[in-house]
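Trainee: Pasting the sequence and the predicted model now:
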Amino acid sequence: MITLLCAMLAVARPPQPPPAQPAPRPPASQAELRQRIESYLGYFETTVPEQQWKALGPAAVPILNDIAQSSQLPSRRVHALGGLVALQGTDAQPLLSKLSLDEGQPLIVRLVAVRGLAHVTPDSALLARLRPVLRVKDDRVGSEAAEALAERVPKAGCGLVRTRGAASAHFAAAVQACAGK
Amino acid sequence: MSRATVLVGLGLLFGCSGSSGPGTHNIGDSCSQTADCGLLLACYNEASPGVCSTGCGGPQGCDQNSACATIVTALGNGLCLKTCTQNSDCEGGYTCCGALGNVCTPNARCTGLSPVDTGSTLACPARVVVNGGQHGPAAKPDECQKPVVTTSFPGAQVQVLGPQTVGTTVTFNVPPGTGTIGILQQVVGASAPDTVGLPGDSRFPNAVVPFVVNGPDGGVFYDDDAQPPIDQLPNMEVVTGAPEPACAAMMMPNTAQALTHQDGGYPAGTWSMKVNDIAFECANHDPTTSGCDAGTTNQQYDIQVVTKPVAALTGTVDIGIYVISTDWTAASAIADSSGAWTRFLDTLAGIYAQAGLCLGKVTFYDPPGWSKPVYSKSVAVNDNSPCGLLDQMFTLSQPGGELPLFFVDAITGGQGALGTIVGIDGAIPGPAGAGGTVHSGALVTTADLTTAGCTRVPDFVNCGADRTAYVAAHEGAHYLGLFHTTEETGRLFDTLNDTPRCPVVSCDPAGIHAAVDFECNNDTGPNICGGADYLMFWLVSGASRGVISPQEAQVMRANPIVR
């Protein structure tokens, strides 16, 4: 709603297309890189656009890795995970898999790790990559994987989703998405 | 109203006998009343003896031998206090407080986990926290809920005009001394479409909004066809927010121009408005909706008008907290031994104290059990349909004049979005006093709600409870009617004229194409790029101080749920 507000503050009218923007420029210095990362960690009503993360370049990766794994605030950690997904793509997979399966992690970190994992994984490999997540004890995490399978690879994944989700209300959305598929 | 007027009013809460002292005592010197202190200083008497001080923060610095300590009071986010190197530099009852930057602070302010201001300088009554129990339907409704709710305020404040077909002009009475006029429009049944079609198969929310609102002499207070330039928004009588189908509230005042009516009130007498939505404008070939589909003409909206006398300089807001987190219940949040929820409420109170608002009764609710697996982690921020998860979740809020804050485990950014969302409003403004509508709430995650990283002062970057309170205060302020000082794009600003702006065209040397904190942290000089320290800035950062301007405070206090 806030995003729409930007375009619609004055009167409730159909939106005009936003002007085309060039890609953000890369940081001019290490100090600016850190400033920009800190700013991005403070987004709270919107997510950071992928092109903004990508514009930071590879120098951001070690900083984001550190934040994603050690910050005390889960919201900062998951923003950093978002940055790693944008910057590293499939190279972020080991970290995302580890976090999504780690029962000691905060729920939000695991959820965003599962989403990130689905984001960087092609359909052809999705079932294999998410199958272990589907089986985790925490239904809230498992259902996140189920929803990705139901949406992206229903033919291959819905059998597993129905079996896993039969006894848990958390899987209702995924099971419903599989209905008739 | 000027900043000076606010400070004079609130100065009384500092035990002052006047707006500033004619005495000779300097900052940090002891005092018993403001008359003891020098020009423009007040007697800050939280400890005994009091000390002469003044507010600081943003562009407002401190004199020599004093420094700005982060103590939230009615004077702002900071207080100028005497600098020190050891306790003997300070008066009795004061500590040389390293945590606040080596300044002499009352002992109580430099010990314990939670020295966050609780609004005590506003003479707030002790906060009451209660368990409101479980409410809501026993099972998940099969169909989309769009209830018509009757506003919960004393009878004289509410005029129920009932179901009205679009195109109808209705009248309502505005009593003398009215400072707030709220118009609530709720769709009756399924009579209106949620969207209207646009060229190219796209759909646009069928915003419900009066076509025109006229005062008793026919003067125009709102014209939906007027499309003022962005820089003229503060000069409008009222500005609407995002397009809201099914249910929408219009609240006056929410602009700088509207606040000029706060001295004597809006013109008293018979006002009128024409019931309208975008689908009706389409049907009528309104030029501002050119290209839309055929439109509809038979839809009905229930119309209620709420009026409120000109607001005082202080007020109280009750909070409803809806716990849809799988990690918490109402009972466990109230009994929380970690102190996270207490710190959350303390910090929320401290932020709102700047607007002259006390937190009144805080009621924790347990929505029905079925709602947790449905809403606790799956609400997507970009789903603004009345039948989407976000709006349907808000129908679980209870009737009454509370500020409804919903807490869930996670909020998603929608398809393909990376990272997370921490908070989002239901509408700007929310439907005051009408719990249970599709827009009756603001949403925050519990993800950061711990005391990890919390030190002695409000810390919106590292302290999870403080950060959560900051986001809740921000979303709650949207509900009360405030817009962002500067939007993310840096191309759109709020509707007031005492908040700093940060236009991206002149403030984005880093080339990010967004107005971010380090680019928007300079409220002085010829090229102002400010606002990052404001509560209503669009992101939270090390620059965040939770500042609320006098006009913002006025808009908040004018909301009917503030008593």
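Mentor: Perfect, thanks for sending it.

Trainee: if you go through the stretch 1-150 of chain B in chain order, where are the helices?
Mentor: Using DSSP state H, counting those that start in this stretch, the helices found in the stretch 1-150 of chain B span residues B:3-11.

Trainee: where does it have low pLDDT?
Mentor: B:1-22, B:56-60, B:70-78, B:86, B:97-101, B:107-121 (pLDDT under 70).

Trainee: now swap in chain A and tell me
Mentor: Using pLDDT under 70, chain A drops low at A:1-20.

Trainee: cool, chain B as well?
Mentor: In chain B, residues with pLDDT under 70: B:1-22, B:56-60, B:70-78, B:86, B:97-101, B:107-121, B:456, B:525-526.

Trainee: distance of the residue of it positioned farthest from its centre from chain A?
Mentor: In chain B, counting by Cα atoms, centre = their mean, B:Ser88 sits farthest out from the average C-alpha position, at 42.1 Å. Distance, B:Ser88 to chain A, using Cβ to the nearest Cβ, to the nearest Å: 36 Å. C-beta: built from backbone N, CA, C; applies to glycine.

Trainee: what about that residue, distance to A:Val48?
Mentor: Per Cβ to Cβ, to the nearest Å, B:Ser88 is found 49 Å from A:Val48.

Trainee: Just the helices from chain A, written as ranges.
Mentor: Using DSSP state H, the helices of chain A run over A:2-8, A:30-40, A:50-56, A:60-70, A:74-88, A:93-101, A:107-120, A:123-134, A:139-152, A:154-165, A:172-178.

Trainee: who wins for proximity to chain B among the ones you listed?
Mentor: Chain B lies closest, by Cβ to the nearest Cβ, to one member of the helices of chain A: helix A:74-88, at 3.2 Å.

Trainee: now the closest one, how far from the chain's geometric center?
Mentor: 8 Å (Cα atoms, centre = their mean, to the nearest Å).

Trainee: near chain B, anything from it?
Mentor: Yes. Part of helix A:74-88 sits near chain B under the criterion Cβ under 8 Å from any Cβ of the partner chain, namely A:74-75, A:78-79, A:81-83, A:85-86.

Trainee: Render the CA-only coordinates of that helix in CSV, please.
Mentor: The C-alpha trace of helix A:74-88 is given here as CSV (Å, rounded to 0.1, in the frame of the first residue of the first chain):
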residue,chain,number,x,y,z
PRO,A,74,17.0,-11.0,12.7
SER,A,75,15.5,-8.3,10.4
ARG,A,76,19.0,-7.0,9.6
ARG,A,77,20.2,-10.6,9.0
VAL,A,78,17.4,-11.3,6.5
HIS,A,79,17.9,-8.1,4.6
ALA,A,80,21.6,-9.1,4.3
LEU,A,81,20.5,-12.5,3.0
GLY,A,82,18.4,-10.8,0.4
GLY,A,83,21.6,-8.9,-0.6
LEU,A,84,23.6,-12.1,-0.9
VAL,A,85,20.9,-13.7,-3.0
ALA,A,86,20.9,-10.8,-5.4
LEU,A,87,24.7,-10.6,-5.5
GLN,A,88,25.7,-14.2,-5.5
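
Trainee: helices and strands around it, which ones?
Mentor: Helices and strands touching helix A:74-88, by 3 or more Cβ pairs under 8 Å, 6 or more residues apart in numbering or on different chains; DSSP states H and E, are helix A:30-40, helix A:50-56, helix A:60-70, helix A:93-101, helix A:107-120.
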